[in-house]
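Colleague: model this:
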Amino acid sequence: MKETEIVPQHLALIPDGNRRWAKKNSLNLFMGYKKGIQKFLEFGDWSKDAGVKMLTVWALSTENLTNRSSHELNVLFHLYAKAARDKAFLERLDDTKTRIKFIGDMSALPAKLRRALKEVEAHTKNYKNFTINMLINYGGREDILHAVRKLASKGKRINDELVAKCLRTAGLPDVDLVVRTSGEMRLSGLLPWQAAYSELYFAEKYWPEFEKKDFDKAISSFSRRQRRYGK
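Modeller: Prediction:
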C-alpha cells in the first residue's frame, strides 16, 4: 500500500459468498463458515495495519435469522461462540488492543452465544487502538424501526441528532467505505444512517477467496475517489 493513499477511517464489510465457496469446493457449510471466520481475522489485521480505526462487519442479518435453516444457524452460532472464547483470538485482541462490540437484537440468539459475546465485549471494553463492530441479528430497517419506537415514547421534537442517538448503532461514525464480496452489488440494508455517503466497492470473489491484494485494490480505489457530500 502506498504511503500517499487515503485510508478509510471507518470501513464496513459484507463478507458474502461463504456457502457458494463451500459448494464450489465440495465442502459442507461448517467448513465454508469456518473459512469465512478465519478470513475475517486476516481482514481485521489488514485493516488495522493499513490505518483503519474502525471496522464494522455484518455477521448475521435479521433476514438470515428468519429465512435460513435451523441447521445452518446452529452451525453459525457454534462457530461464533467458539471463536469468541478462542484463546488465540483473545490473545490477538490483547496484543493489538482491539475492542470488540456486538450490535443487534441479542434477545433472539441462544443463551450460550449471548454469554460468549458479552464475555469478549467485557474483556476488550477498555481497548482503544482499533474497534471491530460485529452486526449480529441486525437489519437496517429494523434499526430505524427501533429508533422510531424509542422516539415515539419520548414525545420530543425529532431531529437528526435525536434519531442517531436512538438507533441500535448509536455512536457509530459515518462509514467511509463499504466492501462487499461475491459479486453482489447492493447494500441489503447495511447501516442506512451511517452509510448514506459511503463509497462502495464490490469484489467478484467469494469471501473465503478474498486476499490481501484484493483488500489493497479496494483501498486504492477509495483513495482515488472524490467525495463531494452533495456539494
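Colleague: separation between the residue of the chain most remote from its centre and Ala195?
Modeller: Taking Cα atoms, centre = their mean, the residue of the chain most remote from its mean C-alpha position is Gly155, at 32.4 Å. Distance of Gly155 to Ala195, computed by Cβ to Cβ, to the nearest Å: 29 Å. In short, each C-beta sits where N, CA and C put it, glycine included.
Colleague: what of Ser26?
Modeller: 36 Å.
Colleague: neighbour-wise, which of those two wins?
Modeller: Ala195 (22 against 7; other Cβ atoms under 10 Å).
Colleague: now that one: how far from Asp174?
Modeller: Applying Cβ to Cβ to Ala195 and Asp174 gives a distance of 8 Å.
Colleague: who's Val57 bridged to?
Modeller: With DSSP bridges as the criterion, Val57 is bridged to Leu13, Met134.
Colleague: contacts for the longest helix seen in the chain?
Modeller: The longest helix of the chain (DSSP state H) is helix 29-50. Contacts with helix 29-50, where a contact means Cβ atoms under 8 Å, 6 or more residues apart in numbering, come from 1, 7, 11, 13, 15, 18-19, 21-23, 55, 57, 71-72, 75-76, 79-80, 83, 89, 92, 96, 98, 129-130, 132, 207-208, 210, 212, 215, 219.
Colleague: got the CA positions of that helix in CSV?
Modeller: The C-alpha trace of helix 29-50 is given here as CSV (Å, rounded to 0.1, in the frame of the first residue of the first chain):
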residue,chain,number,x,y,z
LEU,A,29,-21.5,-25.4,5.5
PHE,A,30,-19.3,-25.8,8.6
MET,A,31,-16.1,-25.6,6.6
GLY,A,32,-17.4,-22.7,4.5
TYR,A,33,-18.3,-20.6,7.5
LYS,A,34,-15.1,-21.6,9.4
LYS,A,35,-13.0,-20.4,6.5
GLY,A,36,-15.0,-17.2,6.4
ILE,A,37,-14.3,-16.5,10.1
GLN,A,38,-10.6,-17.2,9.5
LYS,A,39,-10.6,-14.8,6.6
PHE,A,40,-12.2,-12.1,8.7
LEU,A,41,-9.4,-12.3,11.3
GLU,A,42,-6.9,-11.7,8.4
PHE,A,43,-9.1,-8.9,7.1
GLY,A,44,-9.1,-7.3,10.5
ASP,A,45,-5.3,-7.4,10.6
TRP,A,46,-5.0,-5.9,7.1
SER,A,47,-7.4,-3.1,8.1
LYS,A,48,-5.6,-2.2,11.3
ASP,A,49,-2.2,-2.3,9.6
ALA,A,50,-3.4,0.0,6.9
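Colleague: no further queries at this time; thank you.
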